[in-house]
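1. predicted model follows, preceded by the sequence.
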Amino acid sequence: MSFRTLIRVALVGLLVLNLQHLRAADSLHEIPVPIDRGEAEATEARLASKSWWVQVGDSYYSPAEDSSDIARRPQELFIATGIHLPKALGERAILSEAGVHIVHLQGGRPTDAELAAMADPGCHGFDGRLMLLQPNSRIAWPSRQIPPAPTSYAFPDTAILQVLDNVSLDKYSETILRLTGTGRRHSTSPEILEARDFIQSEFESMGLETTIQPFPVAGVIGYNVIGKLVGTKYPDEYFVVGGHYDSRPELPFPSPGAEDNASGTAGVIEMARIVSRLSSQYTVYFVAFSGEEQGLIGSKYFTLQLVNEDLGSKFKGGIIMDMISYDADGDGKVLLNTDSTAPWGTELRGHLERAAMDFTSLDTIVGVYSANSDHAPLLFIGEAVLTIEDDVSNYTCYHQSCDVPANLDLDLGVEIIKMNLATLLRLANPDPHGQGVLTY
């Protein structure tokens, strides 16, 4: 072997070792969270010997090497949310799980202006925020690990079970097929008007006060479809149940949007179908938003109109469904996403956790940071929660023409609808007398 060849071999070897060191330096050790609470506390006690640890979902993570940069300098670690990060951040992500990313930025945090330029205002995109990682903390965790506080409700569980029996997988499937059958539901496509008219006719057939709310989006007029069930006791105070019916990719490509978000829109329609046949003490708005993919335009406009009409203070809570029927690993998990730092607190999220435990087979995951969907504008006037499946980051047909009904797990969607419906029944009927009466 010539001297030049030896040098080349040595250089390649050094390069490989350096790359392996870089991967190891930024690598994390994963430990599953024990189901038993005592064992989980013991595991956290053992993790205290590490430089730091965090919990994301069902796992604890800590630096694989105590001498690594991420172990010695946690101040270089940041939290970002979104299904996909911009390239400059994605290349530095050391963990991506359920829309939460831990990013290692050795050069320091980008400026607010730089982050704003990276932001994707659309569905579940990076929202321009980077939060400093808090060592030895939980970013997201399963409800079974830290159960919500027990709560008593006026609406009897036996009555709720009777109502939940009417959630129909067949009707849910038919609605998804009808919405995806338009071929395109991009906010600027002519075909989205067909979806609008279908949703309007569904709400009208239920006897809801139905209105079309126009607003400007991407050079055209978009339309929210609103079905209103007037409360029998508190007609001026209201809950919102919503989801967006527009989809991607961009024109001229087909955008059937089965998971994102015919699944959520069909969930809104299914809930409206059932609740419209009951009486509700509080008013409920069922809303199909458009313009979500262009930056939550429809839900922002809807919320602004509530404020302009002095109705912001009457808002009791919002439940949003976005991407609720994809379950890649069959684990039946749902993310309950809200802003834990908002002044309204997380009481609504706790009610959803309780309903999931009482009436469904769902495994709920809750977290500290909010994602980018139609619950976000409502958070300015009160508490709102996004309900979304936990495999969003792994859905390869996200915003693609292959997002078709064949990819869906409708059983997961039905369970999420039941959780949301049970929560609404409990909260919209708080008094022991005059709760909803079945009229089936």
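-> Sure thing, it's come through.

2. which secondary structure elements does the host helix or strand of Ala45 contact?
-> Using DSSP states H and E, Ala45 sits in helix 37-47. Helices and strands touching helix 37-47, by 3 or more CB pairs under 8 Å, 6 or more residues apart in numbering; DSSP states H and E, are strand 59-63. From N, CA and C alone the C-beta is placed, and that goes for glycine too.

3. who does the strand it packs on touch, helix- and strand-wise?
-> strand 28-32, helix 37-47, strand 54-56.

4. pull up the pairing partners for it, direction included.
-> strand 28-32 (antiparallel), strand 54-56 (antiparallel) (DSSP bridges).

5. highest average neighbour count across the ones you listed?
-> strand 54-56 (a mean of 23; mean count of other CB atoms under 10 Å).

6. quick one: distance of it to the chain centre.
-> Relative to its chain's centre, strand 54-56 lies at 18 Å (CA atoms, centre = their mean, to the nearest Å).

7. all helices for the stretch 1-150 of the chain, in order.
-> Using DSSP state H, counting those that start in this stretch, the helices found in the stretch 1-150 of the chain span residues 3-25, 37-47, 69-72, 87-90, 112-118.

8. and the nearest residue to Tyr153 once chain neighbours are set aside, how far is that from Ala328?
-> Once flanking residues are discounted, Tyr153 sits nearest to Arg426: 4.4 Å by CB to CB, 6 or more residues apart in numbering. Distance check for Arg426 against Ala328: by CB to CB, to the nearest Å, it reads 31 Å.

9. between those two, point out the one with more neighbours.
-> Arg426 (22 against 15; other CB atoms under 10 Å).

10. flag the shaky bits of this protein, pLDDT-wise.
-> 1-26, 121-123, 433-440 (pLDDT under 70).

11. work out for me the element Thr265 sits within.
-> Judged by DSSP H and E, Thr265 forms part of helix 263-275.

12. how far off centre is that helix?
-> 17 Å.

13. start at 58 instead
-> All set: I'll call the first residue 58, so the last point we hit is now helix 320-332.

14. name the helices or strands packed onto that helix?
-> So helix 320-332, by 3+ CB pairs under 8 Å, 6+ apart, packs with helix 226-237, helix 249-262, strand 277-286, strand 291-301, strand 339-346, strand 372-378, helix 467-484.

15. pipe those into JSON lines and attach distance to Gly164 per row.
-> Below are these laid out as JSON lines (distance: least, CB to CB, whole Å):
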{"stretch": "helix 226-237", "distance to Gly164": "44"}
{"stretch": "helix 249-262", "distance to Gly164": "43"}
{"stretch": "strand 277-286", "distance to Gly164": "40"}
{"stretch": "strand 291-301", "distance to Gly164": "36"}
{"stretch": "strand 339-346", "distance to Gly164": "38"}
{"stretch": "strand 372-378", "distance to Gly164": "36"}
{"stretch": "helix 467-484", "distance to Gly164": "41"}
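
16. Asp93 is nearest to which of those?
-> helix 467-484 (24.7 Å; CB to CB).
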